[in-house]
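S.K.: Task: produce atomic coordinates for the following.
(one chain, ligands or ions: 1)
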Amino acid sequence: MDAAERIKKLEDEISRLKGDIVRVPIETMSAEVRDSNPYSRLMALQKMGIVENYQRIRDFTVAIVGVGGVGSVASEMLTRCGIGKLILFDYDKVELANMNRLFFQPHQSGQSKVDAAVQTLKKINPDVQFEQYNFDITTTDNFPLFLNAVSSGSLSGSAVDLVLSCVDNFEARMTVNMACNELGQNWFESGVSEQAVSGHIQFIQPGTSACFACAPPLLVADDSLDEKSLKKPGVCAASLPTTMAVVAGFLIQNTLKYLLGFGQVSDYLGYNALSDFFPTMSLKPNEQCDDCHCRKRQQEAAERRRANESSGVEEKKEKKEEKVVHDSNDWGIELVSETSEDIPNGDHSNLPSLAAKSGLKYAYMSAPGTYENPSRDQTQSNAAATTTNESLDDLMSQLKML
Ligand SMILES: [Zn+2]
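M.R.: Numbering: from 1, shown residues only. Below you'll find the model as predicted:
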């Protein structure tokens, strides 16, 4: 092959990789069944009676924080579903070490994740609007920018319809939590365990359900320690494309149900891959939550309930949650946490030695004698029990009977 042929071949390859947009934007979603209609199968949800008005999806804006193993797949799903607008946040670059997961491709290595994602997603669906932020939301400089994007980033200039947290660390989760509590913004938390064999999603409505600070993991890094320094050199968390995709699927399935108003949105849905177990539960907010905005949202929710009660209006959502707490919550309490896998079930005798480690502290301390036989999820069950008038002892005795 001579030089001219090689140049031609390389030019062709470059234009193939750049991938010109293959279709023009579509004004109105059509239900017409033809091979060239990208929305026919989605619009069929209307014909099947599942969704009343699928086209409403074009009015919605979703913000995704973290475009890694879960966030990138979640953003692709929403793009293919024809969401109105996506706002992406991440400060990482694509690396070859990410290739065990879905979505990103080797030639994107070195590119920022948000730029690489938008580049791909625009080609998949040119009808979706994108906005991307290549920064760390946890810094003091960027937090106000994050707040602003969430509170005014929708297609109409108002707050986004939903925030999806797909981050991989405690600090970023707490930042999303803080912002959403401050704004009264509904959001989903999601996570996959370091062993790659369990995960969860949690729907958080500030003031109505437990926020991330209401029931955090038992052991967290204190202010003197950078969370990232806890990672051992040469050791990284495991990850499987399967577990990530399952969690992303749960997340977007519930996002679609929430936005389009069909089915029932799960408050908490866990996934244990080793036994294919899917616990669900509901968590009431903790009245003593560390986050002042959470406590403020709880007061507002209580005032709304009182106003509704006095005017004789029933809050259907509240009634539904009460039912779940007393029904399936009993099953969910013991099995949902992947944040403290190293703590033997029902045995916290080794916790003092863990906390003695420099830079670690307990997120919550219980008064001596409060719990006879605390489970590893005692903070979560406490958050639920606080407002249901069921003591932890009651819940424990129910668990023992199972
Ligand atoms: Zn809270």
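S.K.: and G84, what does it touch?
M.R.: Contact partners of G84, counting by Cβ atoms under 8 Å, 6 or more residues apart in numbering, are I57, R58, D59, F60, T61, V128, Q129, L155. C-beta: built from backbone N, CA, C; applies to glycine.
S.K.: Now it: closest residue in space, sequence neighbours ignored.
M.R.: Of all residues not flanking G84 in the chain, R58 sits nearest, at 4.7 Å (Cβ to Cβ, 6 or more residues apart in numbering).
S.K.: Could you pull out the helices in the stretch 51-200 of the chain for me?
M.R.: Listed in chain order, the helices of the stretch 51-200 of the chain (DSSP state H, counting those that start in this stretch) span 71-81, 113-124, 143-152, 170-183.
S.K.: which of those sits most buried?
M.R.: Of those, the one with the most neighbours on average (mean count of other Cβ atoms under 10 Å) is helix 71-81, at a mean of 23.
S.K.: Can you tell me what sits against that helix?
M.R.: 42, 57, 62, 64-65, 67, 86, 88, 90, 101-104, 113, 117, 120-121, 124-125, 128, 164, 166-167, 190, 244-245, 248-249, 251-252, 255-256.
S.K.: go with 7 Å
M.R.: 42, 57, 62, 64, 67, 86, 88, 102-104, 117, 121, 124-125, 128, 164, 166, 244-245, 248, 251-252, 256 (Cβ atoms under 7 Å, 6 or more residues apart in numbering).
S.K.: List only buried entries from these.
M.R.: 42, 57, 62, 64, 67, 86, 88, 102-104, 117, 121, 125, 128, 164, 166, 244-245, 248, 251-252, 256 (16 or more other Cβ atoms under 10 Å).
S.K.: among these, which are in strands?
M.R.: If you go by DSSP state E, the buried ones among the contacts of helix 71-81 have V62, I64, L86, L88, L164 in strands.
S.K.: now the residues you listed in a markdown table, with distance to Q205 and pLDDT?
M.R.: Formatted as a markdown table, those follow (distance: Cβ to Cβ, whole Å; pLDDT from 0 to 100):
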| residue | distance to Q205 | pLDDT |
| --- | --- | --- |
| V62 | 16 | 98 |
| I64 | 18 | 98 |
| L86 | 22 | 98 |
| L88 | 23 | 98 |
| L164 | 14 | 98 |
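S.K.: I'd like to know which of those residues is nearest to K9.
M.R.: Proximity of these to K9 (Cβ to Cβ) peaks at L88, which lies at 34.1 Å.
S.K.: Show me which residues of the chain are close to the ion?
M.R.: C211, A213, C214, C289, D291, C294 (Cβ under 5 Å from the ion).
S.K.: Go through those residues and flag which are in helices.
M.R.: Among those, the members falling in helices (DSSP state H) are C294.
S.K.: any idea which of the residues of the chain next to the ion has the most stuff around it?
M.R.: Among these, C211 has the most neighbours (other Cβ atoms under 10 Å), with 32 neighbours.
S.K.: Burial check on A210, number of neighbours?
M.R.: For A210, the count of nearby residues is 26 (other Cβ under 10 Å).
S.K.: Provide a list of residues in contact with it.
M.R.: Per Cβ under 7 Å, 6+ apart, neighbours of A210: L283, K284, P285, N286, A383.
S.K.: Need the pLDDT of it.
M.R.: Looking at A210, its pLDDT reads 94.
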